[in-house]
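Trainee: show me the folded form of this:
(2 chains)
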Amino acid sequence: MKTIYILWLRQLKRYFRSRSRIIGSLGQPLLFLLALGFGFGPTFQRAGQGSYMQFLAPGIIVMSIIFTALFSGIEIIWDRQFGFLKETLVAPVSRLNIMIGRTLGGASVATLQGIIVFFVSMLAGFRPANWGMTPLAVLAMILTALLFCALGTAIASSLSDMQGFQLIMNFLVMPLFFLSGALFPLPNSGAIAAIARFNPLSYGVDALRSLLVNIGHFGLAVDFPVLAAITLLFLLVGSFLFSRIQV
Amino acid sequence: MSIIEVRDLTRKFGEFTAVDHVSFSVEARQIFAFLGPNGAGKSTTIKMLTTLLRPDSGSVLLNGFDPVRNPKAVRNSFGIVFQDPSLDEELTACENMELHGVLYNVPRRLRRERTEQLLKFVELWDRRNSLVKQFSGGMKRRLEIARGLLHHPKVIFLDEPTLGLDPQTRNHVWTYLKDLNRSEGITIFFTTHYMDEADRVAQRIAIIDLGRIVASGTPAELREKTATASLEDAFLTLTGKTIREEEAGSLERMRMMRRTRGRH
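Mentor: Residues are numbered from 1 along each chain as shown, chains lettered A, B, ... in the order given. Next up is the predicted model:
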């Protein structure tokens, strides 16, 4: 328990100490919100879909969460190269606890980041439909953050250096994001709809959008169980791969 | 009673045999030096003893436990100062100590006490709240040693602990280690390239070269065996005078292999 706590604390300290990282990671969501939100706004309105800013903001919040969460998971490669990973691996604590501490830390950081982007998008004109739903929305954020943190851990445990990182960004993170319905309403049939159904991020986006602005595609009764199940699966896979790390 | 018992330990990286049927044992409470040129297999052996790497064959018993079958019990029995850095540079000196103490389950009171004592000992107490990334190489090394001594295990592994330290600090560190060895009966297993250091502090030495143990015994026995006047000469007689290629970490080696495999 103390192990989990101290490793969680470590992730938080590292996050709060790198102000440039916090500010830097707000740049991209802000750009998306302003450029896409105001750029596509009128077209979206004319198509009879309502306010694009309202539609887009939950997608951008989720975007900042998955970027931060995956990156926290992938930090294992960083720790491996800078040597700190060894310090934890030879300690008399189970690898499962190390993994849990790190994942909780990474997920907390990602959720915080999501909450910051939530307030940033309010500056851009976004208003949640029902404030009473925001605690549940935070829960959806936490689940999404955990899911992608565990995925990051799983990936990082099977890579030995940062060379594969670009590959992951371009062939995993970006497609996950663009094919999740974060930016546009998912069609009911066709290739995009089929792909989105197998994309865990779609359910995170959908849950958050349902809770914040009452626009849903799959419905909360689908979103939460699916998110929880996939999170559990990735946590298991992640901890298995993490337990097999050799230095 | 031997606290480390190694039998026919072997580890290959692809075609390259880093450790080749190595056998030796270390008595409890002994100061044991594990010497060899670069790339001889020292670090790979230590990694297998400390649960970081699985051997291909052979057996290891550390404090009576097998690192493969019972890693947790083994990890409970040793402490290690790595050859390369393993600090968290984004944390302060104190936070690094604290994290280590928690991971090794040192009670809070003792943790604080020893942190103060050790940081004063390596002369970093004034800098305890500075981030490690602001430290010089020598300061990081000292912090690393202090951290390794925070908990008192049965065996301490020191992989080139005094590399890059000035003679004053080196002396200082060894005085402390010998004290710890005497007062708490902690076994010390270390590697070094300074032969005079090994000669002075080690009670027993094993020399490894090209993955095999080429000689072992007390410093005096090794000198006698090779009919040389110093341990340095004995070492050179046993391992030859050719300069070895710089040791690449096992990771690097695996990476290299993957690249070659990718090409074919």
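Trainee: what is the burial count for residue A:170?
Mentor: Look at residue A:170: counted by other C-beta atoms under 10 Å in any protein chain shown, it has 10 neighbours. (C-beta placed from N, C-alpha, C; glycine too.)
Trainee: which SS class is residue B:161?
Mentor: What DSSP: H, G, I helix; E, B strand; the rest coil gives for residue B:161 is coil.
Trainee: without its sequence neighbours, what residue ends up closest to it?
Mentor: Excluding its sequence neighbours, the residue lying closest to residue B:161 (C-beta to C-beta, 6 or more residues apart in numbering or on different chains) is residue B:81, at 5.0 Å.
Trainee: cool, and residue B:239?
Mentor: Counting by C-beta to C-beta, 6+ apart, the nearest residue to residue B:239 once its immediate chain neighbours are dropped is residue B:209, at 4.6 Å.
Trainee: which residues does that neighbour contact?
Mentor: Residue B:209 sits next to B:36, B:37, B:40, B:238, B:239, B:240 when contact means C-beta atoms under 8 Å, 6 or more residues apart in numbering or on different chains.
Trainee: distance to residue B:160, neighbour count and pLDDT for these - can I get that in JSON lines?
Mentor: JSON lines is the format used below for those (distance: C-beta to C-beta, whole Å; neighbours: other C-beta atoms under 10 Å in any protein chain shown; pLDDT from 0 to 100):
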{"residue": "B:36", "distance to residue B:160": "11", "neighbour count": "26", "pLDDT": "93"}
{"residue": "B:37", "distance to residue B:160": "13", "neighbour count": "21", "pLDDT": "91"}
{"residue": "B:40", "distance to residue B:160": "13", "neighbour count": "25", "pLDDT": "91"}
{"residue": "B:238", "distance to residue B:160": "19", "neighbour count": "17", "pLDDT": "91"}
{"residue": "B:239", "distance to residue B:160": "17", "neighbour count": "19", "pLDDT": "89"}
{"residue": "B:240", "distance to residue B:160": "21", "neighbour count": "13", "pLDDT": "83"}
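Trainee: with secondary structure as added columns, please give those residues in CSV.
Mentor: Formatted as CSV, these follow (three-state DSSP):
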residue, secondary structure
B:36, coil
B:37, coil
B:40, coil
B:238, helix
B:239, helix
B:240, coil
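Trainee: out of those residues, which is nearest to residue A:198?
Mentor: Among the contacts of residue B:209, residue B:40 lies closest to residue A:198 (C-beta to C-beta), at 51.0 Å.
Trainee: now do the strands in the chain.
Mentor: No chain was given, so I picked chain A. Using DSSP state E, no strands are found in chain A.
Trainee: that's the wrong chain, I meant chain B
Mentor: Using DSSP E, strands in chain B cover B:2-13, B:16-27, B:31-35, B:57-62, B:78-81, B:155-159, B:187-191, B:204-209, B:212-217.
Trainee: need the winner for burial among those.
Mentor: Counting by mean count of other C-beta atoms under 10 Å in any protein chain shown, strand B:31-35 has the highest mean neighbour count of these, with a mean of 25.
Trainee: adjacent strands (with direction) for that strand?
Mentor: Strands that pair with strand B:31-35, judged by DSSP bridges, come out as strand B:187-191 (parallel), strand B:204-209 (parallel).
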